[in-house]
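Peer 1: please find the sequence and the predicted model below.
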Amino acid sequence: MDVLVPLPVALPLLAAAVLAAVGTFLPAWFGDLVAAVVSVAVTAIGVVLLTRTGRHDLVYWFGGWRPSHGVALGIAFDVDGAGAALGAVAGLLMAASVAFSWRYFDETGPLFHVLLLVFLGAVEGFALSGDLFNLFVFLELMTVAAIALTGYGDEPAPLQGALNFGIVNGFGAFFLLFGIGLLYGRTGALNLAQIGRSLAGGRADGLVLVGFLLVTAGFLVKAGVVPFHFWLADAYAVAPAPVCVLYSGVMSDLGLNAVAKVYWPVFSGPLAAHATALRAILVTLGVVSALLGGAMAFLQRDLKRMLAFVTIGQIGIGLVGIGLLTARSLAGTTLYVVSDGLVRGSLLLVVGVLIRRIRSCDELNARGGGLPVSGVLFAVGGLAIAGLPPVGSFFGRALIEDGATGGYRWLPVVLTAASILSGGALLRAAGRIYLGWGSDREPVLGEEQASPEQEEPAHPPRGSLVVMLASAAALLVVGVGMAAWPGLPGKAVTAAVRTIDRPAHAAEVLEGKPPPHERASAPAPSGTSIAAGLASAAGAVGLALLALFGGLEALARRPVLRLKALHSGIVTDYVTWLTAGIAALGAAFVLALR
Amino acid sequence: MSARTRLPLFLVSAAGLAALLGFGVAGLPAFGDYHGPYGLVLNHVVLAQRHTTNVVAAVVFDYRGFDTLGEELMLFAAVAATALILREAREEEARQVVDSVQSEPVRAAGLAAVPVVILLGLFVVAFGYLTPGGGFQGGTVVALGLLLVYLAAEHRAYRRLTPTQVVDVFEGGGAAAFVALALGALLGGLAFQQNFLPLGRIGALTSGGSIPLLNWATAIEVTAAFVLLFGEFLEEVMVERRPG
């Protein structure tokens, strides 16, 4: 067993505990230093683990309790390429956030960094675990730390967003736990591979379908997929930008990754006969998220809320890749979320610079108020979100689109439309803030969300501005430049082929049998997907220019205003949507998958 | 959404969801007819493998000890979260609150109960892996014993008895010890959280290898966590909040 595997969880949690114990006796910079060292170490370990997953998963049995006769008594981490990559991304995003906010959160002692470290440890556990209940534990740990990080900060009324976060995620966790209970009651197992082996012989009866529904819905709440997404924009709007970086860059992505990580080992056996129907349901869910996220992003003036909806839209595109149920599109999703998550993280840091300088992240208020360097980073980020070839996420989206077969040839068109909306929103904001184009009145975008703080603009010292922009640039370069890693798409497809081979994966986890090594190749992006990428980027630029110079009055129509009004910030609405969403998804499962 | 749309939508969805949950639950084995392998296997192997007479403790601290690590950190994080959010908006100046208990008999009986409750808690901790109990449960009882000081006497006495900086050390220290014991096994070339101590004689307080240490680390963390949590909430009642 690889000795590095438990460290991404153990190091941050140990550091958090030690910092809580002795932090009050030490100078304030100590917390920053510990968080920085640990996140760099976790990033490095993640990269090393990633390079070791080329031929097989890294299966690690805690306490040394290897399974006997296919029965797991202990808990296993099952590190595959996607998990290791997301773990490394989490470390990198946290390192960038810590550098960005150096000495900024001093006043409450070490607690901010303690919670940041707990969050990192939880994220790593969630990314690497191969045990259903253990996934729940780390999901909850992530939530506990995240609620506090959301509710803390200098925004007005941050507790409202934190409360919506807590309540909606609490329901999501409840559904997940209910689903785990059902599956454990049937199989007596918690290890993903072992549950899957136990279910594989049977048919998709009520328990399996409802178990699948509840577990998937629990993860989709975390991922922020429509209609489970409402909490996400409220949380982003109030959380400090360096914390949003972690939410947008990795928390949503991990929720999405967990859907695939549980579907293939556990449910792909009993649901194999219904793959066509399941594909239709999941792709629909993803497409709706992609379009709605893009549209709502375009209707925001608060940049953090805008990026929240961009995240929802991009995660929707990722869900399409998972929902197509092919190795190639699954690999596409992995590449897509990893690269795109880094870009979103970078964009949020650029927004953080704006907040730090002019104390606002309102597109209209900040018109003409941005630094040119930030503007370049923001615009490149916007183009990367749109999927301009050959940035990192383009290769992911190309794999998703090219993995679509049969009745899904229309996907590139829809995904292009979604990308135009998201990218267009960001480029419109970039043009207004950094070039001073357009007007500073757009009634369609609504009243200013956050009450204006009549404070003097801050003048952060030059040195700290350089560090902030450098952290944003570093994330952008890694996210965009991933495409330069030779053979990366092929490696991702190879990993995905192993993920979807359920019997071989189960034998690897439970008996330690090495999986058959098939080096899969990823064909170069097709002409269609290159055209779609170029069209997305050009469309996004065009839409942004149209919005800046043509104004947005044309959007002041009932359906648009109704759509905005649905995102009311009222938590009872959100719980209603959550309930309705699960009931509708469940009805679709029960009708289509039996 | 207006309340007139919300309520019907919620009721219809909730009814649908309830039907779905019922559909799922109907697929479970009949009551009392469970054949899962987990408990059966453990009942056979725990005594031999871990010399621990309380099978649940062996599961919590060893077989599924990694879940416990996560759960322990959850309590730890919840306390840190409470402190982070509440302390931020708190005024320094305390209101003059008269909260001391006026009745001498209540005071005497309450304070006399303090050592008894704490002793009970320590007992629940100490024998947690031999008989029903454990660090989590016992730690809560010890913390409640300390809370009796507030209930029977007054807030200030509770604060004096549990200075935050000192309790912080125990809380962080307990959690750190739990993780460090797991990492220690790694240094010895074993798996993370693997036992590295002699298993001892079955039924003795020294049995179970590293389980007693994990048990006490948990007890310290849980006690300190609840003491801090009570303290934060009491402070919240006693201290004026910053306006706005």
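Peer 2: Good, I have the coordinates. Being a predicted model, the structure only gives us computed values, none of them experimental.
Peer 1: for the record, mean pLDDT for stretch A:406-413?
Peer 2: Across stretch A:406-413, the average pLDDT comes to 90.
Peer 1: in that stretch, what counts as buried?
Peer 2: Using 16 or more other C-beta atoms under 10 Å in any protein chain shown as the test for burial, stretch A:406-413 gives A:408, A:411-412. All C-beta atoms are positioned from the backbone trio N, CA, C, and that covers glycine.
Peer 1: please apply the same query to stretch A:529-542.
Peer 2: Here stretch A:529-542 shows A:529, A:532-537, A:539-541 as buried, counting by 16+ other C-beta under 10 Å.
Peer 1: TSV for the residues you listed, including distance to residue B:44, secondary structure and pLDDT?
Peer 2: Listed next are the buried residues of stretch A:529-542 as TSV, based on distance: C-beta to C-beta, whole Å; DSSP: H, G, I helix; E, B strand; the rest coil; pLDDT from 0 to 100:
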residue	distance to residue B:44	secondary structure	pLDDT
A:529	56	helix	93
A:532	59	helix	95
A:533	59	helix	96
A:534	64	helix	96
A:535	64	helix	97
A:536	60	helix	97
A:537	63	helix	97
A:539	65	helix	97
A:540	63	helix	97
A:541	68	helix	97
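Peer 1: nearest to chain B among the residues you listed?
Peer 2: residue A:540 (31.5 Å; C-beta to the nearest C-beta).
Peer 1: circling back: quick check, nearest of the buried residues of stretch A:529-542 to residue A:490?
Peer 2: residue A:529 (16.2 Å; C-beta to C-beta).
Peer 1: got a list of what that closest one touches?
Peer 2: A:397-398, A:401-402, A:412 (C-beta atoms under 8 Å, 6 or more residues apart in numbering or on different chains).
Peer 1: 6 Å - rerun?
Peer 2: By C-beta atoms under 6 Å, 6 or more residues apart in numbering or on different chains, the contact list for residue A:529 reads A:398, A:401-402.
Peer 1: helices - which of these land there?
Peer 2: A:398, A:401-402 (DSSP state H).
Peer 1: any idea which of the residues you listed the model trusts least?
Peer 2: residue A:402 (90).
Peer 1: just give the nearest non-adjacent residue to the closest residue to chain A within chain B, would you?
Peer 2: For chain B, the residue closest to chain A is residue B:36, as judged by C-beta to the nearest C-beta, at 2.1 Å. Leaving aside its chain neighbours, residue B:36 sits nearest to residue A:188 (2.1 Å; criterion: C-beta to C-beta, 6 or more residues apart in numbering or on different chains).
Peer 1: pretty sure the one you found contacts residue B:37?
Peer 2: Yes - with contact defined as C-beta atoms under 6 Å, residue A:188 reaches residue B:37; the gap is 5.2 Å.
Peer 1: quick one: which of these two has more around it?
Peer 2: Neighbour count, other C-beta atoms under 10 Å in any protein chain shown: between residue A:188 and residue B:37, residue A:188 has more, with 20 against 17.
Peer 1: look up how far residue A:203 lies from the more buried one.
Peer 2: Per C-beta to C-beta, to the nearest Å, residue A:188 is found 19 Å from residue A:203.
Peer 1: hmm, residue A:132 is touching residue A:191, no?
Peer 2: No - in this structure residue A:132 lies outside contact range of residue A:191 using C-beta under 6 Å: 7.6 Å.
Peer 1: so between these two, which is more surrounded?
Peer 2: The neighbour comparison of residue A:132 against residue A:191 (other C-beta under 10 Å) goes to residue A:191, with 30 against 22.
Peer 1: tally of neighbours for the residue nearest to that one when sequence neighbours are not counted?
Peer 2: Residue nearest to residue A:191 in three dimensions, not counting chain neighbours: residue A:72, with 4.0 Å by C-beta to C-beta, 6+ apart. As a burial measure, residue A:72 scores 25 neighbours (other C-beta under 10 Å).
Peer 1: sorry, back to before: now the buried residues of stretch A:529-542 as JSON lines including distance to residue A:145?
Peer 2: Compiled in JSON lines, those are given as follows (distance: C-beta to C-beta, whole Å):
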{"residue": "A:529", "distance to residue A:145": "38"}
{"residue": "A:532", "distance to residue A:145": "38"}
{"residue": "A:533", "distance to residue A:145": "37"}
{"residue": "A:534", "distance to residue A:145": "41"}
{"residue": "A:535", "distance to residue A:145": "41"}
{"residue": "A:536", "distance to residue A:145": "35"}
{"residue": "A:537", "distance to residue A:145": "37"}
{"residue": "A:539", "distance to residue A:145": "39"}
{"residue": "A:540", "distance to residue A:145": "35"}
{"residue": "A:541", "distance to residue A:145": "39"}
